[in-house]
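Participant: what follows is a predicted structure for the sequence shown.
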Amino acid sequence: ETGVTQTPRHLVMGMTNKKSLKCEQHLGHNAMYWYKQSAKKPLELMFVYNFKEQTENNSVPSRFSPECPNSSHLFLHLHTLQPEDSALYLCASSLSSITGNTIYFGEGSWLTVV
Amino acid sequence: RKEVEQDPGPFNVPEGATVAFNCTYSNSASQSFFWYRQDCRKEPKLLMSVYSSGNEDGRFTAQLNRASQYISLLIRDSKLSDSATYLCVVNGGGNTGTASKLTFGTGTRLQVTL
C-alpha cells in the first residue's frame, strides 16, 4: 500500500476539457512533485513544491497548472491539452526537496487526450 | 551526452542467473544515487540507495564508482519476480536552499525466464 495516493487512476479527456489530477501523501513529507512519464522516455520532472511553495517549474506549458494548498495535497489542473500530453503522470513526495532524500511515488494517473 | 545513461535492454536471462546493469552519469557533482524498480504499468519503487562503499541487500548489490561516474546493480540468483525495469536515479544535488534534482535514466528492462 502506497503512502502517496493519486486520483483518478485513469482519465480520458478531450482537448477542450478541464480536469484535475489529485495527489495526497500520508507520509508527513514536506516536498511534493509532479513527474511525467511517456513511453520510451525517462521520467520528466514537471514541478516541485517544498513546504507548499513552488520551487521548480521545468518549463512546463501553462496548460498544466499545479496547486499545492498544503504539504499533504497537490493538484495538477489540466486545460486544453494536446494528444502528445497523453502519458502517465506521477506524483511523488520526499521529506525535503533540498537534501537527497528518498522519493516515494504514487501509483500514477494514466491520462489519454483525445 | 545524456545526464543519466542506461542500456535499455531487454536483458533476457534464465532463472538462477546473475545479471549486472550499469549506469553512467554526466554530472560529477552528483551527490546521491539510487536504483528504482518499475513493474509494467506501475509506479517506480525504491530498490536501494547506492553508497560509495558499495552495499548489498540480499541478492542485490549496488556499487558506485565516482572516478568513472558509473553505478552498477548486480542481481544474483534471478527470480521470475525480478522481471521489471530498473531505473538508475542520480541526485544532481544543489547548493543549500535550492531544490535538489533527481534525474532518471530511461531504465533497463529485465526479463527472467524459466
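Facilitator: Sure, I can see it. Numbering: from 1, shown residues only, chains lettered A, B, ... in the order given.

Participant: just name the shakiest helix or strand of chain B by mean pLDDT.
Facilitator: Within chain B, confidence by mean pLDDT, DSSP states H and E is lowest for strand B:102-104 among all helices and strands, at a mean of 86.

Participant: how about it and chain A, touching?
Facilitator: Yes. Strand B:102-104 is in contact with chain A by C-beta under 8 Å from any C-beta of the partner chain, via B:102, B:103, B:104. Every C-beta, even on glycine, is put in place using the N, C-alpha and C of the backbone.

Participant: so what strands line up beside the helix or strand immediately after that strand in the chain?
Facilitator: Downstream of strand B:102-104, the next assigned helix or strand under DSSP states H and E is strand B:108-113. Using DSSP bridges, strand B:108-113 pairs in its sheet with strand B:11-14 (parallel), strand B:84-91 (antiparallel).

Participant: state the mean pLDDT of strand B:108-113.
Facilitator: The average pLDDT for strand B:108-113 rounds to 96.

Participant: flag every buried residue along that strand.
Facilitator: Across strand B:108-113, burial judged by 16 or more other C-beta atoms under 10 Å in any protein chain shown covers B:108, B:109, B:110, B:112.

Participant: distance from the chain centre to the least confident helix or strand of chain B, please.
Facilitator: Averaged C-alpha coordinates place strand B:102-104 at 11 Å from its chain's average position (C-alpha atoms, centre = their mean, to the nearest Å).

Participant: touching that strand from outside, list them.
Facilitator: A:42-43, A:45, A:103, B:3-4, B:25, B:27, B:34, B:36, B:44, B:87-92 (C-beta atoms under 8 Å, 6 or more residues apart in numbering or on different chains).

Participant: low-scoring pLDDT stretches of chain B, where are they?
Facilitator: Where chain B drops to pLDDT under 70, the residues are B:93-100.

Participant: swap in 50 and give it another go.
Facilitator: B:94-99 (pLDDT under 50).

Participant: strands of that one, start to end?
Facilitator: Using DSSP state E, the strands found in chain B span residues B:4-6, B:11-14, B:19-25, B:32-38, B:44-50, B:55-57, B:60-65, B:70-75, B:84-91, B:102-104, B:108-113.

Participant: can you pull up the bridge partners for residue 36?
Facilitator: Since no chain was named, I'll use chain A. Applying DSSP bridges, one finds that residue A:36 bridges with residue A:44, residue A:89.

Participant: sorry, should have said chain B
Facilitator: residue B:46, residue B:87.

Participant: touching the least confident helix or strand in chain A by mean pLDDT from outside, list them.
Facilitator: Lowest on mean pLDDT, DSSP H and E among the helices and strands of chain A sits strand A:53-57, with a mean of 88. With contact meaning C-beta under 8 Å, 6+ apart, strand A:53-57 is reached by A:45, A:46, A:47, A:48, A:49, A:66, A:68, A:97, B:98, B:99, B:101.
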